[in-house]
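Asker: I'd like to go over a predicted model; first the sequence, then the structure.
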Amino acid sequence: MEEFSFRTIIAVFEEMFGAGLFWSLVVIAAMITVAFIYMLFRDRGLDSRRLVRAELAAPLGGIAAVLFVQWITSSGFRDIGGPIDWLVVLGIFVAGSIGLMLLVYVAQAVRRPPPRSESATPLSRE
C-alpha cells in the first residue's frame, strides 16, 4: 500500500463489512448526526439533563461497537497485536460511544420536547 488515501480507507471498510452493511452504517450515522443537529437548532442549545443521561449510555455504545467489529471480522481480543491495533480498537470504542450518546440524546429530545416558556404563549395574562 504505497498510497494512503480516503478511497483506500473506503475500500478497506467495504472489504471488511461488505458494501451493503458499510454504506448502511454510514447512512444511519449520518441520519443520527442530522437529527442531533436539528435538535440543537430546535431547542436552541444543549439540555444538560439529556446530555448527562446520554453520556451515561456512551460506554455501552463503545463496548457494543468493539464487539460488533470483532464479530464481523471473526477476530477476538487475542488477535490484537501491536500498538496500532489498540489505537484502532480505541477509535472504534470512541466512535460507538459518540454514536450511542447522540442517539440517546435525540431519542430523549423526541420523547420530551422542550417546555414552552410563559412569554412564548399566545394568551398571556398581563
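Answerer: Ah, there it is. Residues are numbered from 1 along each chain as shown.
Asker: so what touches the worst-scoring helix or strand of the chain on mean pLDDT?
Answerer: One helix or strand of the chain scores below all others by mean pLDDT, DSSP states H and E: helix 6-17, with a mean of 85. Identification of contacts with helix 6-17 by Cβ atoms under 8 Å, 6 or more residues apart in numbering yields Met1, Phe22, Leu25, Ile72, Thr73. (Glycine included, C-beta is placed from N, CA and C.)
Asker: C-terminal to that helix, what's the next element?
Answerer: As assigned by DSSP states H and E, the chain's next helix or strand after helix 6-17 is helix 19-43.
Asker: that following helix: which residues count as buried?
Answerer: Phe22, Ile32, Ala35, Phe36, Met39 (16 or more other Cβ atoms under 10 Å).
Asker: save the residues you listed as TSV, and put in distance to Phe6 too.
Answerer: What follows is those, written out as TSV (distance: Cβ to Cβ, whole Å):
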residue	distance to Phe6
Phe22	14
Ile32	22
Ala35	25
Phe36	24
Met39	29
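Asker: between those residues, which sits nearest Ser97?
Answerer: Ile32 (13.0 Å; Cβ to Cβ).
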